[in-house]
Structure formats: C-alpha cells, structure tokens
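**Q** Next come a sequence and a model predicted from it.
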Amino acid sequence: MATLDEMRAKALAEWRTAEQGRQSHVLVGAATCGKAAGALETLAAFQSQQAKHGLDIAVTQVGCIGVCYMEPVVAIRKPGHPMILYGNVDARAAGRLTQKWLLGDNPCADLAIGAFLQEGQSVDGIPPLSAHPMLGTPRLILRNCGLIDPTDFSHYLARGGHKGFEKALALTPQQVIDEVKKSGLRGRGGAGFTTGVKWQICHDQPGEVKYLICNADEGDPGAFMNRSLIEGDPHVLLEGMLIGGYALGAAEGYIYIRAEYPLAVERLKFAIQQLRDVGLLGSAILGSDFHFDIHIREGAGAFVCGEETALIASIEGQRGMPRSRPPFPATSGLGGKPTVINNVETLATVAIVMRTGGNEYARQYGTECSKGTKTFALAGKVKNTGLIEVPLGTTLRQIVFDIGGGILNDKQIKAVQTGGPSGGCIPADRLDTPVDYESLTAVGSIMGSGGMIVMDEDNCMVDVAHYFLSFTKEESCGKCSPCRLGTRHMLEILERISAGQGKLEDLERLEKLSNTVKDGSLCGLGQTAPNPVLTTLRYFRDEYVTHITERRCPAAVCQGLIAYEITGACTGCAICARLCPVGAIAGDKKLLHVIDPKVCVRCGACRDCCKYNAVVVH
Amino acid sequence: MNNGIEHILVKYPQGDRGFLIPVLQEVQEFYGYISPEMADEVGDFTGVSPGEIFGVTSFYSQFRFTRPGKHTIKVCLGTACHVRGSDRILEFIQLQLKIKPGETMLNELFSLERVACVGCCALAPVVVVDKDVHGRMSSTKSQKLLKKYKD
C-alpha cells in the first residue's frame, strides 16, 4: 500500500494539473442548501451545454461555500484566468456563463460574487473574493468547503489533509493531548468544556477499551454548521477522529448523526470506506500499532439525544433518556467504558490544531479564554444568510451588520437569538457583546453550537419564547418531573398570554417556574429550557405587558390577537380569494374585496400573494 | 414468520441490542412504516421484548406505525423557518389537504409531517416533499408545489 507521502504527492500533482491544465472546471455548490435552491437544475444545464457544444470542461459537485443566500453558487476556473465565484446561477444563467465566459471572453461581472485572486492578479469589474463580507473572514474550519469535491479523497490530501494526523502519530498520545490543551480549544457543541482536559480524564482511565463518539446530532433548530461541514469536507472530521482515537487509546469511534441529514450521512459513509481502502482506518494504521475504525449511527429524531448520556443510551439501542452525572462518560460511558463525546466542529478543529501546533493556534485568533475561530449559521431576518466563520470575540454587531449586511428590507433589528432552545435572545442594545463563551453567558444566552437567528421588528418576542417552549416541551424525554411538568406548565402560561388571556401575575409565575426547572432538571435540556423565556422576560418585558394589559400583539404575530383586512389599494384581482384555503374572502370582480373575520384562520396566504400590498394585519 | 424483512435482518448480527435502532430504521426505510408484526420479528431477532420495542419506537419521532401516503410533505418548523412564517405555511397546507400533521389523506396521496429542522435555514421557510427540499416557500408556492405532486 502506498505511503501517505506517496498518496499526497500524487494528489498534489493531480490538483496542480487541474489548476493549471487546459481544461475549464465548473464547480457547482450542491450541498442540501444548494439543492433546495435548484443546484441540480444548474448542474444539468451545464452538462447539457457541455454536450451541445462539445466542451472540454469538468463539471463537479462541491459543498457549500457559505453564501447560501446567493444559491445556487457556481465557481468557474478557466485556463489562464483566476477562478470566479458566481451567485444565483439558475439554468438560464448557466447558459449565459457558458456562452459568454466558457466559449467567449466575457466573465459576466454582473453574476460574479468575487474572484479568487493571487497577488498581482485582477479581473475587470470583479472584486476579489476576500472583499465579500462573508468570505473575507479567516477560514480554518471551512477552508475546503465549496472548493473541493467532497467525494474525492485526493482533493483533501492535496489541500494539506492528514498532515495533522501524521504529526500526531509521531508523538505520544500524552503529547497530542498536551498540544490540544495548549490550543485552548473548548467544546464547540455548546457548553464549552476544555477539550484537552476532557481527553486527559478519559486517557487516564484504566482499561483497554475506550470509545470516541462524534456528536453530529445537530438538533438545535436553526443550526446547520455541522451539516454543511460534513457535506462539504467530511474528511476533516474523520482526521480529527483519528487524532482523537489515537490520543485516547480508543480502537473504535462512532458518529451519531441525525437521520434528517441524508446527504451528510452518505458523504460520511463514502469517506469512511475511502479511508479503509487506503489503510487509514483499520489495523496497524500507517505501519504503527494504532488500530481504529469508525461506525455510523443515525439518530432517530430526538433532540434530547444531543445530551451525552442520552446519546449513549440511544447508541445502545435504548430510549434516549439521560442519566444523572457523575459518573461522567469520560469515566463510564458507552457500555460502561471510558468515552469521550465531541462535537463535529471540535474534532474538525483538532485536525487544524495538530497541523498548526497548539501554541500557534491559540495565538492566531480568539480572546483570552475563547481561542480560535468558530462557525455560525446566520439566518432569520438578515440580508446575507449562510454559514460564516469568525474569530471568537467578534461582536454580534459585526456579525449582523458587517458580515450579514444588515436587516432584510432595512427594518429595525430587535434581537439575535443564539444557542437554539437552550440559548437566549440578545436585544439590539447589547449588540456590542463579543461572541465568546463568557460574554454570551453573562447576557443570559449561551454560545451553543452556532445557530444565530436574527429577528426584526416584525417578530414578537412572546411568540419566540412560546415557539422554543413548545419545542422543549415536545422534546422533554419525561424522565424528571421539573422538566416534564415545568415546561408544560410554562407553555400553558405562554399560550394564555399570546391568546390575550394572560394576567400580570403570570410573569412572576413564569420567572419562578423557570428557576425551578433550571435548578431541578436532570440534564442540560431542562436546565437550559427556560433561557429563551428568561431572556425575553428580562429584555422585552414591555411586550409581555402589552399582550396582557392591552390584549394586543405589537408585532402583529400572535394569531389570537390579530386580524387581516383588505385596504383600498385592492384592485379586485381576486387572486387572494382563490388562494384562501377557507374561502373567507369575497368581493365582485375589479372591486374591493372583504375578509370575513369569523371565517378567517389568519394563515396570511392573502397577504403573501397580494401584489398590491393591499392586505394588512393589525 | 414472513413479513418480508428477512433480507434486512440477515445483514445484522443476531441478538445484539446495539443494532436495534439501525434495524428498525432500515425496515422503515424499506416499507415506509413499522407494523406490529414487523416489530415483533425485529424483537425476536434482537432479543428485545415487544413492549420494549414499542417503548423505543414511540420514543423517537422518526418511527411511524401506519403506512405513509404516496408523497410525504414535511414542513420545517426550525427557528429560522418559524421567524419567516413557517407556521402559516403549515396551516395553509393543512387546510389545503384537510389533514393534520401525522395524518395521511384517505386517498393515500399525501402524508403531512412537521420536522424540527432540516438545516436549510438560509433558505427559510423550507418544505420537504419526499427527498426534495424546497426553499423560500410561500403560500402561493406551496399551492403550486401540491399541484405538481398531485399530477
């Protein structure tokens, strides 16, 4: 079998040929988000153009580069020119790019997001890619996403893949752990426990059998960092797992991944087989005495399985219910053996830490206590939605306004929600909060795994609290009563308030209940479930009060407190009347239409479809 | 027993509880649901009692006990989808199909489900039909989508 050096040399030669050869390359971003925006039609369009014109081009599916709001995204590398990234490339734009750029010499600057420029290079009318706010930040974790074929292992090798693992293998396991400790890396799954320390505890346990589990059960609604990374660069996670397995003395690793991510599962299965084929998984890896293999377990749809002990129960074939800790999994985990559970991004970062060295990683980016970079899924009411990577310590304002481009339709920002159902809503006047573990905790939220949802003036904070509570109530496993009963009772109060039937005493009751659930729950789900309620009560109490005393929802969201009405701007086109699922809209042709409030179910379809903005809600 | 799941069972080691969930998942992947007979057979194979199998399958939201329709519509109710109005889209589709989440139309054309997040938050709101993800949805687009799959 070829050595890693030989494989890498061959991969590099192939990569250079691709870069400098005579063939044009078309890279279509075809991760789940790209596909949702029509990337497969774009791909087919390029392929049919290729056949039609007999073009000598290579059309490849790659992962997501992060600018999801411009999907479908395509990168084109034409011989003798820098690679150019294009956005909103539908089938028609694909035809145009073929005609004008692949066959002609017009790079279609109007479609371009930016060009991958080396020093001294320029393309007329197209800015460098680094000038794009989402792509100009340092990219360590996402460095390969959107640029390599995730199914081609040689691409990963050519871009420096497995240099970290190679380095680790030359050290003792203890030295690897020391290196990770020096990096200051903290868990990227949410709680922020120091990775090196976790590894040390497990490493120091007696016994031959140990396990490493990668938690890819990205359960927080509104988070897609792990999905995107695995779809775009699965090998970086596997390299991190190899390093972790070696450091811990584990011979088996598991990846627990949500079944809702079919493409990510497929990419991982494929990548694992590739590693087995080249001898990077299995016995006597790279001629050492290190044996390691990785198995995939698909989650079956239970949010609580993101909790370590529940996750282990699920792998063991049980109901995914947590148990009390200690003993922590690092001393007694899967099958009672010492087990480390790390998040996807933590393990991917380990590969980078080993490549750059612990001290250097800690020096490059981050703050005193939060080192390095972190990815965030930026979504909600922000202009540039997608996946970003920023140094820890970047402020929320920089993320929302500089990187995210501000609020959609230039409305007023109300809050940023971090940490999913376990996190909180940070109000607009605290946007200068730096994104690091301690600062986010201080304002009542948490770092979480990286979901970041921006909310504007049209979002009701009572509704947001209600949304998260209905989620956690549904997902509570029911084992301990503070969580099972507490979340239900809190939800009932929130339902009353959003229906206009709340009382002022309810707010105090909510706070009291929140604290009970926080203090009394067995696992992280219950302990953090009240956070969305507590933060909205803390920062947006006036909205709750308006719902209670005036029986009014200021943002016009809560269904029990709003009414739809058609104004004089109505032209009588009757599109809404045809769309209305309950037939609540009536009116004569070309005359003002009317909504019957008794029949209306407030689904808002009429407002969505009206071209004249004649439907208002109040 | 002959529930047509032998071809799945042969791929797994017998009597290993650790494979209970993967086996159930593969059965559901193949048939679209898990019948009591199939559950019993999986139980015999893995050495887990029928009661416990029901405990496990009812715990995880992925498992279903009734046959799904020809197309399964999943409305994403993740946070990003929620703040961009996914609950209104769910309500619209519910009224169009006259079924609630978890139900299947009498003519078995559509099943409706809610899903916590499919990770396409940047294209919210999102609706998944079978395996195709549709981003940036609205009521109007939902109506067109339903029509497309009806034909």
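**A** Arrived safely, thanks for sending. Numbering: from 1, shown residues only, chains lettered A, B, ... in the order given.

**Q** Which residue comes closest to residue 37 once chain neighbours are left out?
**A** Reading this off chain A. By the measure of C-beta to C-beta, 6 or more residues apart in numbering or on different chains, the closest residue to residue A:37 outside its immediate chain neighbours is residue A:71, 3.5 Å from it. Glycine gets a C-beta too; all of them are placed from N, C-alpha and C.

**Q** Please refer instead to chain B.
**A** On the basis of C-beta to C-beta, 6+ apart, the spatially nearest residue to residue B:37 that is not a chain neighbour turns out to be residue B:3, at 5.0 Å.

**Q** and if you look at residue A:57?
**A** Distance criterion C-beta to C-beta, 6+ apart; nearest residue to residue A:57, sequence neighbours excluded, is residue A:24 at 4.4 Å.

**Q** Tell me the pLDDT of the one you found.
**A** Here the pLDDT value assigned to residue A:24 is 94.

**Q** cool, and residue B:2?
**A** Per-residue pLDDT puts residue B:2 at 61.

**Q** before we move on, what about residue A:1?
**A** Per-residue pLDDT puts residue A:1 at 58.

**Q** Enumerate every residue touching residue 108.
**A** Because you didn't say which chain, this covers chain A. Applying C-beta atoms under 8 Å, 6 or more residues apart in numbering or on different chains, we find residue A:108 in contact with A:86, A:96, A:97, A:100, A:101.

**Q** wrong one, I was asking about chain B
**A** B:67, B:69, B:70 are the contacts of residue B:108 under C-beta under 8 Å, 6+ apart.

**Q** ok now stretch A:413-424, how far from the chain's centre?
**A** 14 Å (C-alpha atoms, centre = their mean, to the nearest Å).

**Q** shaky segments in chain B?
**A** Under the criterion of pLDDT under 70, the regions of chain B flagged as low confidence span B:1-2.

**Q** Close to chain B: what parts of the stretch 301-450 of chain A are there?
**A** The stretch 301-450 of chain A has residues A:301-303, A:314-321, A:377-381, A:385-387, A:417, A:420 near chain B, with proximity defined as C-beta under 8 Å from any C-beta of the partner chain.

**Q** domain parsing for the chain?
**A** Picking chain A for this. Under the assignment automatic domain parsing, the domains of chain A span A:4-131, A:153-361, A:373-456, A:461-550, A:563-617.

**Q** You answered for a different chain; I wanted chain B.
**A** The domain map for chain B lists B:6-59, B:71-150, with the assignment taken from automatic domain parsing.

**Q** Distance to residue A:546 for these - can I get that in JSON lines?
**A** JSON lines is the format used below for the domains of chain B (distance: least, C-beta to C-beta, whole Å):
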{"stretch": "domain B:6-59", "distance to residue A:546": "40"}
{"stretch": "domain B:71-150", "distance to residue A:546": "19"}
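
**Q** wait, what's in contact with residue 141?
**A** Unless you meant another one, I'm taking chain A. Neighbouring residues of residue A:141 by C-beta under 8 Å, 6+ apart: A:229, A:236, A:345, A:348, A:349, A:352, A:373, A:375, A:389.

**Q** Wait, chain B was what I had in mind.
**A** Neighbouring residues of residue B:141 by C-beta under 8 Å, 6+ apart: residue B:134.

**Q** repeat for residue A:551
**A** Counting by C-beta under 8 Å, 6+ apart, residue A:551 touches A:500, A:561.

**Q** Please report how far it lies from chain B.
**A** The gap separating residue A:551 from chain B is 21 Å, by C-beta to the nearest C-beta, to the nearest Å.

**Q** Ramachandran coordinates for that residue?
**A** Its backbone dihedrals place residue A:551 at phi 50, psi 50, with angles given as degrees, to the nearest 10.

**Q** Equivalent analysis for residue A:76, please.
**A** With angles defined as degrees, to the nearest 10, residue A:76 sits at phi -120, psi 130.

**Q** same deal with residue A:93?
**A** Backbone torsions of residue A:93, given as degrees, to the nearest 10, read phi -60, psi -30.

**Q** which residues touch the nearest residue to it once chain neighbours are set aside?
**A** Closest residue in space to residue A:93, ignoring its immediate chain neighbours: residue A:111 at 5.8 Å, by C-beta to C-beta, 6+ apart. The neighbourhood of residue A:111, defined by C-beta under 8 Å, 6+ apart, consists of A:86, A:87, A:88, A:89, A:93, A:96, A:97.

**Q** Show me what the one helix or strand residue B:90 maps to is packed against.
**A** Element membership of residue B:90 [criterion: DSSP states H and E] is helix B:86-97. In terms of contact count using 3 or more C-beta pairs under 8 Å, 6 or more residues apart in numbering or on different chains; DSSP states H and E, helix B:86-97 is assigned the packing partners helix A:605-609, strand B:71-76, strand B:110-115, helix B:139-150.

**Q** Any chance of these in CSV with distance to residue A:59 as columns?
**A** Listed next are the helices and strands packed on helix B:86-97 as CSV, based on distance: least, C-beta to C-beta, whole Å:
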stretch, distance to residue A:59
helix A:605-609, 36
strand B:71-76, 30
strand B:110-115, 31
helix B:139-150, 27
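
**Q** and residue A:120, how many residues sit next to it?
**A** As a burial measure, the neighbour count of residue A:120 was computed by other C-beta atoms under 10 Å in any protein chain shown and equals 5.

**Q** Could you pick out the residues of the stretch 51-200 of chain A near chain B for me?
**A** Listed as neighbours of chain B in the stretch 51-200 of chain A under the rule C-beta under 8 Å from any C-beta: A:68, A:69, A:71.

**Q** which of those residues lies closest to residue A:184?
**A** When these are compared for distance to residue A:184, the smallest value, 30.0 Å, is given by residue A:68; criterion: C-beta to C-beta.

**Q** Any figure for the gap between residue A:379 and residue A:572?
**A** Between residue A:379 and residue A:572 the distance is 37 Å, computed by C-beta to C-beta, to the nearest Å.

**Q** These two: which is more packed in?
**A** The neighbour count for residue A:379 versus residue A:572, taken as other C-beta under 10 Å, is higher for residue A:379 (31 against 14).

**Q** Buried ones in stretch A:9-23, by neighbour count?
**A** By neighbour count with 16 or more other C-beta atoms under 10 Å in any protein chain shown, stretch A:9-23 contains the buried residues A:11, A:14, A:15.

**Q** got it, and stretch B:23-31?
**A** Residues B:23, B:24, B:25, B:26, B:27, B:28, B:31 are the ones in stretch B:23-31 that count as buried (16+ other C-beta under 10 Å).

**Q** now that stretch, how far from the centre of its chain.
**A** Chain-centre distance of stretch B:23-31: 11 Å, with C-alpha atoms, centre = their mean.

**Q** Whether it contacts chain A - can you check?
**A** Yes. With C-beta under 8 Å from any C-beta as the threshold, stretch B:23-31 lies in contact with chain A, specifically through B:24, B:25.

**Q** Which elements pack onto the least confident helix or strand in chain A by mean pLDDT?
**A** Sorted by mean pLDDT, DSSP states H and E, the helices and strands of chain A end with helix A:605-609, the least confident at a mean of 90. Here helix A:605-609 touches strand A:564-566, helix A:575-579, strand A:615-617, helix B:86-97, helix B:139-150, going by 3+ C-beta pairs under 8 Å, 6+ apart.

**Q** Around residue 134, how many other residues sit close by?
**A** No chain specified, so I'll use chain A. Quick note: residue A:134 (other C-beta under 10 Å) scores 25 neighbours.

**Q** that answer is for a different chain, and I need it for chain B
**A** The number of residues packed near residue B:134 is 23, by other C-beta under 10 Å.

**Q** How about the contacts made by it?
**A** Going by C-beta under 8 Å, 6+ apart, the list of residues near residue B:134 reads A:36, B:126, B:127, B:128, B:141, B:145.

**Q** Count residues in the vicinity of the first one, would you?
**A** Read it as residue A:36. As a measure of burial, residue A:36 has 25 neighbours, counting by other C-beta under 10 Å.

**Q** Quick check: phi and psi on it?
**A** Backbone geometry at residue A:36, expressed as degrees, to the nearest 10, gives phi -60, psi -30.
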